[in-house]
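Novice: coordinates only, sequence not included:
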């Protein structure tokens, strides 16, 4: 049977990424003799163009996988297909699992698979292909006239029984290129904890408890998958283990560390929950290749953490984990939310204050979104907090709640302030050179050509994230600094990839210096136009000799300007910093 899987990922500001659930379903279907293709929708298409793409695959069965925030797009395209094609439609994924009745009431999908989809999807494809009765398939939902029918769920799958995820389903070259050659790997499913806002609280109930829902693959299977990946992709730079919490089983962890250390030199990143790791376990992981941990802080208000989010951890325990990581030289990510029930500007200020103490390498900030099936969703609904807004991502400023303690407008303003502080902390903690200008951005003199033309920002170009200063032309940023003898300025320059295909041309990057009594002089000028010059669609690194001003107090200015009118020119300067000594190999100025 020819099967087309459709994955909407529209207006999420996420990069093209690997989705393990679909990859495991594809591998299982292919193992069963079926043909599988993927249509990855990362931008809105007209119904006509979407139909053309689907028809070219000639599918017998079309499967959608959707999150709650992407369901609006899954529904839109499914309706268009339903009106014009005879192929059967099935939906799965987290939204179908936690809100199956609502999905079936839309009367668009022929089938719904609730829960883990590998074997239900295989059994459905087999039955349809062979003309057999599919009504006894566990996890399956369907309609008979006005009635919605469903079968019980099967027990959670033994992960070692599954084939390795089908990495060929996605464009792996693109995934690795856009993610700095980082390979995502999953060693477990489920979570042992019951955070009130997370879908795992609902999934755990469906599975019959956390011990049934949370399962780990054997170390041997994980190592085997990693060995195959390294053989296939010898240029891998890192691995990210995308388990909900990696540090839940000391025995498994010790065995993993021993085998990973023996076989691989590739550094890896993990998710850690406060209370699941101690100094010794982090040290063991560090010695095996761990370079980065991602930690859910979520709120700096302990009452909100305990009573609203059901996260029973103290500020002291959170601080302790970040302190251990700093001691061991492990990079830290602090994950936070704003806009949950009970939130006020004062509670957000507490979150900012706690993060200031944590001083993470990176800050991750999202708006709380209520997901059906979770306890906090039910509270939001009962308290009448939800609006009609249909957000598409937790990463966009699209608050779903009307909160009595803070207006949506003020919430967005404080969110922007928090995010800007996070990037400032990142620059300060990862200081480059003897003076990192990004780290003293709060002391800069700014001449902006428009609102939000100048700000700190994290931008990804060709898979490489760099903290940068956005200086949208015509704008300038300057600092009063004392230059050391032999001083040189280093920085990277690029446009945001979002504007590469927009109208217009490039812009001039200028570095200017002014002494106390002298005239302003341009010491560097470079015109970049990645819109028309494909070779410049990267980080372009430069080094400018400032030794002639050594020992002097100067005003050092970074400026961008266009040669013609240009509304699409998001010009970034990545990590401008001052160093002493000779030029770096490969840099120019």
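Specialist: On my side now, so go ahead. In this text the structure is predicted, and so the values were computed from the model without any measurement.
Novice: Now do the contacts for residue 256.
Specialist: 187, 219, 222-223, 288 (CB atoms under 8 Å, 6 or more residues apart in numbering). The C-beta positions use only the backbone N, C-alpha and C, and glycine is treated the same way.
Novice: Report the separation between residue 497 and residue 416.
Specialist: Plainly put, residue 497 is 22 Å away from residue 416 if you go by CB to CB, to the nearest Å.
Novice: hmm, back to that, just the buried ones among the contacts of residue 256, please.
Specialist: 187, 219, 222-223, 288 (16 or more other CB atoms under 10 Å).
Novice: need these in CSV with pLDDT, can you?
Specialist: Converted to CSV, those look like this (pLDDT from 0 to 100):
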residue, pLDDT
187, 98
219, 98
222, 98
223, 98
288, 98
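Novice: Of those, which belong to helices?
Specialist: Among the buried ones among the contacts of residue 256, the members falling in helices (DSSP state H) are 219, 222-223, 288.
Novice: could the buried ones among the contacts of residue 256 go into CSV alongside distance to residue 388?
Specialist: Listed next are those as CSV, based on distance: CB to CB, whole Å:
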residue, distance to residue 388
187, 40
219, 48
222, 44
223, 49
288, 49
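Novice: In what element of secondary structure is residue 81 found?
Specialist: In the assignment (DSSP states H and E), residue 81 maps to helix 71-84.
Novice: That helix: which residues count as buried?
Specialist: Buried, per 16+ other CB under 10 Å, within helix 71-84: 71, 73-78, 80-82.
Novice: Closest one to residue 231 out of these, please.
Specialist: Using CB to CB, residue 74 comes nearest to residue 231 of the buried residues of helix 71-84, at 35.8 Å.
Novice: Is it correct that that closest one is in contact with residue 92?
Specialist: No - at 10.4 Å, residue 74 does not count as touching residue 92 under the criterion of CB atoms under 8 Å.
Novice: Touching both of those two, which residues are there?
Specialist: residue 64.
Novice: Low-confidence stretches in the stretch 251-400 of the chain?
Specialist: Scanning the stretch 251-400 of the chain for pLDDT under 70 picks out no residues.
Novice: quick one, helices of it?
Specialist: 279-288, 302-303, 315-328, 345-358, 375-382 (DSSP state H, counting those that start in this stretch).
Novice: For residue 172, which of the ones you listed is the nearest?
Specialist: Closest among these, once you apply CB to CB, is helix 279-288, at 25.1 Å.
Novice: Which positions within that closest one qualify as buried?
Specialist: For helix 279-288, burial by neighbour count (16+ other CB under 10 Å) applies to 281-286, 288.
Novice: mind checking pLDDT for residue 462?
Specialist: Listed pLDDT for residue 462 reads 88.
Novice: so how many other residues sit close to it?
Specialist: By other CB atoms under 10 Å, 12 other residues sit near residue 462.
Novice: got it, and residue 478?
Specialist: Residue 478: 20 neighbours (other CB under 10 Å).
Novice: biggest helix in the chain by residues?
Specialist: Counting residues, the longest helix in the chain under DSSP H turns out to be helix 408-429.
Novice: Can you give the contact residues for that helix?
Specialist: Looking at what lies outside helix 408-429 - CB under 8 Å, 6+ apart - the contacts are 334, 336, 338-339, 343, 345, 348, 351-352, 355-356, 359-363, 365, 367, 397, 399, 402-403, 406, 436, 438-439, 441-442, 455-458, 467, 575.
Novice: Identify the residues contacting residue 502.
Specialist: By CB under 8 Å, 6+ apart, residue 502 lies in contact with 531, 568.
Novice: swap that for residue 36, please
Specialist: 3-5, 26, 29-30, 166, 169 are the contacts of residue 36 under CB under 8 Å, 6+ apart.
Novice: Can you tell me the element it falls in?
Specialist: Per DSSP H and E, residue 36 falls inside strand 35-41.
Novice: Direction included, what does that strand pair up with?
Specialist: Applying DSSP bridges, strand 35-41 is found paired with strand 2-8 (parallel).
Novice: Name the residues that touch the partner strand?
Specialist: 19, 22, 25-26, 29, 34-41, 54, 57-66, 70, 73-74, 77, 87, 125, 169.
Novice: List buried residues within these.
Specialist: 19, 22, 25-26, 29, 34, 36-41, 54, 57, 59-66, 70, 73-74, 77, 87, 125, 169.
Novice: Of the helices of the stretch 251-400 of the chain, which is nearest residue 198?
Specialist: Here helix 375-382 is closest among the helices of the stretch 251-400 of the chain (CB to CB), at 8.7 Å.
Novice: That closest one: which residues count as buried?
Specialist: 375-377, 379-380.
Novice: quick one: that helix to chain centroid distance?
Specialist: Using CA atoms, centre = their mean, to the nearest Å, the distance from the centre of helix 375-382 to the centre of the chain it belongs to is 26 Å.
Novice: Check stretch 47-56 too.
Specialist: On CA atoms, centre = their mean, the centre of stretch 47-56 falls 28 Å from that of its chain.
Novice: Can you give me the buried ones in that stretch?
Specialist: For stretch 47-56, by 16+ other CB under 10 Å, it's 50-51, 54.
Novice: how about a markdown table for these, with distance to residue 154 added?
Specialist: Supplementary listing: the buried residues of stretch 47-56 in a markdown table, determined by distance: CB to CB, whole Å:
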| residue | distance to residue 154 |
| --- | --- |
| 50 | 33 |
| 51 | 34 |
| 54 | 30 |
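Novice: Tell me the spacing between residue 96 and residue 386.
Specialist: Taking CB to CB, one finds residue 96 at 21 Å from residue 386.
Novice: More neighbours: those two, which one.
Specialist: The neighbour comparison of residue 96 against residue 386 (other CB under 10 Å) goes to residue 96, with 28 against 13.
Novice: Could you pull up the residues touching that one?
Specialist: Residues in contact with residue 96 (CB under 8 Å, 6+ apart) are 66, 103, 112-114.
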